[in-house]
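Enquirer: One predicted model, sequence on top.
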Amino acid sequence: MKKLRLFAAEELALALRSRWTQIFALVFAALSAAVAGAGYVLSGGQGVQDFARTAVSLVQLVVLLVPLTALVIGVLSLAPERGAAELIYSQPVPRRTVLLGKLLGLFQALAAAQAMGFGAAGLLVYSQAGSEGVGGFVLLVLASLLTTAIFLGLAALLATGAVGRKRTRALALALVVWFVAVVLLDLAALGIASVLPSGPASRVLMVAAIVNPVGAVRTGALLGIEGTGAFGAASLALFRFTRGAGGVGVVLGASVLFWLVVPTLFALRRLRRADV
Amino acid sequence: MSASRMRAVLLALPLAGMAAGQDMAPILPAALEGRPPAADTSPLQARVDAAAPGSTVEVEAGEYHGDLVVDRPLRLVGRGRPKLVGSGHGSVVRIRADGVTVEGFDIDGVRAGDLSRDSSGVHVAADDVVLRDLSIEEAIFGIYLLRADRAAVERCRIRGIPGRAPGEKGSGIHAYDLTGFRFLRNEITEVRDGLYLQNASQGEVRGNSARDVRYGLHYMFSDDNVFEDNVFENGAAGTAIMYSERIVFRRNTFLRNRGFASVGLLFQGCDDVLAEDNLLADNARGVFIEGSHRIVVRRNVIAGSDVAIVLYDPSGGHRFEGNSFVGNRTPLELVARHTDTTFAGNYWSDNREPDLDGDGRSDRPYRLSTVFDHLRGNLTAADILSDSLAAQAVGAAERAFPVLRVVPATDPSPLARPPQLPGVPPAGGPGGGPRPLGIAASLALGLAGAIVLARGRRPSSAAPSCGSGAAA
């Protein structure tokens, strides 16, 4: 446990000193503040934009930017150079501890970077007139943290496959994974749905929104923040598909849990078998 | 309205109900209540019966149990807010003589009575009646106006029966078959329909609010009415205007009508309606128009709807001018192959066309649809992905390479910036203002992040101690 914490602390320190994390923190803060500010400006000063609508835009920002950063920073930090890998893994520490510690450190660094952004956005939203509580805000932060953890796990899976090999390949793969999760899966689902009759098409869309980690986080966050108004009539279609609001929670939770745990487990297995 | 036209329209009602997704059948009045039995009669009855017509009866503070019939022209004035507690077997105050004024009472309907016999806080079946400064609670109907021409209801507060299903409640103000009415600055909550108007014409409805109801405004066969500065908020079904002509809506607020089939403002079978300077925000659907003619919607703010406009009419001659459409999920759902509705000089917040010549208008027409709307039209579930990047990518691609025949509706001169609409009421929600809890949470979060990040900036204090100099 102490070793785990040591590795986490080391990784955190490295990540915080990395230009990538610093750039991400700045960009994320600027964009969140811009989204939160624009919400008010776009409404023509009519004051109808309250947190629910701003949160939708912030969720969009999260599911776009956070997976990308987690994957890129994760792969860059977790797939070390040949010499460094040999050095680390020759230490009297289980490989599992090394990887988990590094993941923990990275998570802390990225969470800190995001916290700055959310803090700025929250200040802008909550200092304006409105009636929303902080529940939606908490949910948004939670969604962001879950996305970070999920995609760090995926980054670990990619990085452990690249031990001893070139990091560029893992990095390219990371970009492919991001594109598939954020755009391609939904696009494919929409394409397939548009040629199917409405019953099966509906199911294809629901499944796409649940199975895809990005979709699951987005759907869960928006439903939590906006209630059934989140997707209009489609919310109710989703409720029927999963047999009630509780069903939606269970299904989305299961999907998120799967993506949290399974890639990391595979990464650990791969690392154990890897010939460093 | 002629009887034959009403009959024709009544035949069409089941259809209308289907379209609105709610039961919309007209509600016919029950037989008129007479005098209550002695055991249910208010102690004030003797004073009312003894008063000379045209005189003023002043009632001092206190509780008066029982129902009261006013059948001679009187001014009944409460001093120090006396409370009239109903018997629970019918309407608490029954006004049966022309020219009665009732003001300054609290009226308690004791959560009892009979919906099918129109049990009300105040039941009026006479002309030229004035109801002022009444507070009516827990009655089935708040105020029932039956053939009460020139009735005036002012500054009354009506609160229905909380927790009871809408089907077991009556309206806040129920107006049936009258002309020349005035409803001013009343506040209505927790009833079935806030204002129910049927065959109620040439009236003015100004400064009222209806919140937490089924229909904020439920309205049919009522012509030449003016609605100004009213608030219809949090209705399970929104507002519905049906089979009526020459109605004006000005500076009203239609807010948070979020039920499954809720509409901010629904017009069905209506002609020559003007809606201007209204705020329609956060409704499931903003404006809904079916089977109507010459609906003019101008200078309104229509914001935060799932669908801003639902339009059924190929040839209604409707006009949308100078409105501000902000943050709606989709601008138009057209349930027809084409429409002659014109859109001109509106602002659309999702319009990304530039204004290079600086004339305040986008350089190209705004098309009221995306390819995603096309998919959504065939498949409700598509909305589940409507916030995804994929949906936006499809939309962008379609704009670049138009392949589908999409909704044939465009705004040829869209505004490049949101217009100043000083007439539109602001959406100051309850509890509006900065929220300290949110600010504190944001500050804590930002600070925590900043502290952790700052630690990384100082290499000495965060020196790694595990011995490996990995990737330093």
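Expert: Thanks, I have it. Residues are numbered from 1 along each chain as shown, chains lettered A, B, ... in the order given.
Enquirer: From now on I want contacts and neighbour counts done on CA atoms only, so please keep to that.
Expert: Noted.
Enquirer: where does chain B have low pLDDT?
Expert: Along chain B, segments meeting pLDDT under 70 span B:1-25, B:370-380, B:398-407, B:428-433, B:456-472.
Enquirer: what bridges to the residue positioned nearest the centre of it?
Expert: Nearest residue to the geometric centre of chain B (C-alpha atoms, centre = their mean): residue B:232, 3.1 Å. Legend: beta-bridge partners of residue B:232 under DSSP bridges are residue B:210, residue B:254.
Enquirer: Longest helix in chain B, please.
Expert: Counting by DSSP state H, the longest helix found in chain B is helix B:436-457.
Enquirer: Could you list every helix and strand in contact with that one?
Expert: Judged by 3 or more C-alpha pairs under 8 Å, 6 or more residues apart in numbering or on different chains; DSSP states H and E, helix B:436-457 is in contact with helix A:2-17, helix A:95-126.
Enquirer: and those as JSON lines, adding mean neighbour count and distance to residue B:108?
Expert: Shown next, in JSON lines, are these (neighbours: other C-alpha atoms under 10 Å in any protein chain shown; distance: least, C-alpha to C-alpha, whole Å):
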{"stretch": "helix A:2-17", "mean neighbour count": "23", "distance to residue B:108": "66"}
{"stretch": "helix A:95-126", "mean neighbour count": "25", "distance to residue B:108": "40"}
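Enquirer: hmm, back to that, quick one: the residue nearest to the centre of chain B and residue B:213 touch, right?
Expert: No: the pair residue B:232 / residue B:213 is not scored as a contact, 9.0 Å apart, by C-alpha atoms under 8 Å.
Enquirer: quick one: residue B:251 and residue A:244, what's the gap?
Expert: 39 Å (C-alpha to C-alpha, to the nearest Å).
Enquirer: For these two, indicate the residue with more neighbours.
Expert: The residue with more neighbours, out of residue B:251 and residue A:244, is residue B:251; 24 against 13, by other C-alpha atoms under 10 Å in any protein chain shown.
Enquirer: what about the nearest residue to that one once chain neighbours are set aside, how many neighbours?
Expert: Distances taken as C-alpha to C-alpha, 6 or more residues apart in numbering or on different chains put residue B:278 closest to residue B:251, at 4.4 Å, once the chain neighbours are dropped. Residues within reach of residue B:278, counting by other C-alpha under 10 Å, total 28.
Enquirer: Test my guess that residue B:278 contacts residue B:422.
Expert: No: applying C-alpha under 8 Å, one finds residue B:278 not in contact with residue B:422, separated by 10.6 Å.
Enquirer: in chain A, what secondary structure element scores lowest on mean pLDDT?
Expert: helix A:82-89 (a mean of 77; mean pLDDT, DSSP states H and E).
Enquirer: just how off-centre is that one within its chain?
Expert: With C-alpha atoms, centre = their mean, to the nearest Å as the basis, helix A:82-89 stands 29 Å off its chain's centre.
Enquirer: burial measure for residue B:396, as a count.
Expert: Neighbours around residue B:396, by other C-alpha under 10 Å: 15.
Enquirer: Provide the secondary structure category for it.
Expert: Classification of residue B:396 by DSSP: H, G, I helix; E, B strand; the rest coil places it in helix.
Enquirer: State the distance from it to residue B:366.
Expert: From residue B:396 to residue B:366 the distance is 14 Å (C-alpha to C-alpha).
Enquirer: One more: residue A:217?
Expert: With C-alpha to C-alpha as the criterion, residue A:217 and residue B:366 are 33 Å apart.
Enquirer: what about the two, which has more around it?
Expert: Neighbours per residue, other C-alpha under 10 Å: of residue A:217 and residue B:366, the larger number sits with residue A:217, 26 against 23.
Enquirer: Surely the more buried one touches residue A:142?
Expert: No: counting by C-alpha under 8 Å, residue A:217 sits too far from residue A:142 to count as a contact (9.5 Å).
Enquirer: residues from the stretch 151-300 of chain B in reach of chain A?
Expert: Contact residues (C-alpha under 8 Å from any C-alpha of the partner chain) of the stretch 151-300 of chain B with chain A: B:258, B:260, B:281-282, B:284.
Enquirer: Next, the contact list for residue 182, please.
Expert: No chain in the question, so chain A it is. Going by C-alpha atoms under 8 Å, 6 or more residues apart in numbering or on different chains, residue A:182 touches A:63-64, A:214, B:388-390.
Enquirer: switch to chain B, that's the one I care about
Expert: Per C-alpha under 8 Å, 6+ apart, neighbours of residue B:182: B:150-154, B:203-206.
Enquirer: any chance of these in TSV, plus secondary structure?
Expert: Below are the contacts of residue B:182 laid out as TSV (three-state DSSP):
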residue	secondary structure
B:150	coil
B:151	coil
B:152	strand
B:153	strand
B:154	strand
B:203	coil
B:204	strand
B:205	strand
B:206	strand
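Enquirer: Restricting the selection to alpha carbons, write stretch A:83-94 to PDB.
Expert: Extracted in PDB, the C-alpha atoms of stretch A:83-94 (Å, rounded to 0.1, in the frame of the first residue of the first chain):
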ATOM      1  CA  GLY A  83      15.400   1.900 -20.500                       C
ATOM      2  CA  ALA A  84      13.100   3.400 -18.000                       C
ATOM      3  CA  ALA A  85      10.800   0.400 -18.100                       C
ATOM      4  CA  GLU A  86      13.600  -2.000 -17.400                       C
ATOM      5  CA  LEU A  87      14.700   0.100 -14.500                       C
ATOM      6  CA  ILE A  88      11.200   0.400 -12.900                       C
ATOM      7  CA  TYR A  89      10.200  -3.200 -13.300                       C
ATOM      8  CA  SER A  90      13.500  -4.400 -11.900                       C
ATOM      9  CA  GLN A  91      12.600  -2.800  -8.500                       C
ATOM     10  CA  PRO A  92      11.300  -5.100  -5.800                       C
ATOM     11  CA  VAL A  93       7.700  -4.000  -6.400                       C
ATOM     12  CA  PRO A  94       5.000  -6.000  -8.000                       C
END
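Enquirer: in it, what's buried?
Expert: Neighbour counts using 16 or more other C-alpha atoms under 10 Å in any protein chain shown place A:84-86, A:88 of stretch A:83-94 among the buried residues.
Enquirer: Could I get the full set of helices for the stretch 151-300 of chain B?
Expert: Counting by DSSP state H, counting those that start in this stretch, one finds no helices in the stretch 151-300 of chain B.
Enquirer: And residue 251, its phi and psi?
Expert: Using chain A here. Backbone torsions of residue A:251, given as degrees, to the nearest 10, read phi -60, psi -50.
Enquirer: let's do chain B instead
Expert: Per degrees, to the nearest 10, the backbone of residue B:251 is at phi 50, psi 30.
Enquirer: dump the residue contacts of it.
Expert: B:228-230, B:276-279, B:423-425.
Enquirer: Please produce a ChimeraX select command covering the buried subset of those.
Expert: With 16+ other C-alpha under 10 Å as the criterion, this ChimeraX line picks the buried residues out of the contacts of residue B:251:
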select /B:228,229,230,276,277,278,279,424,425
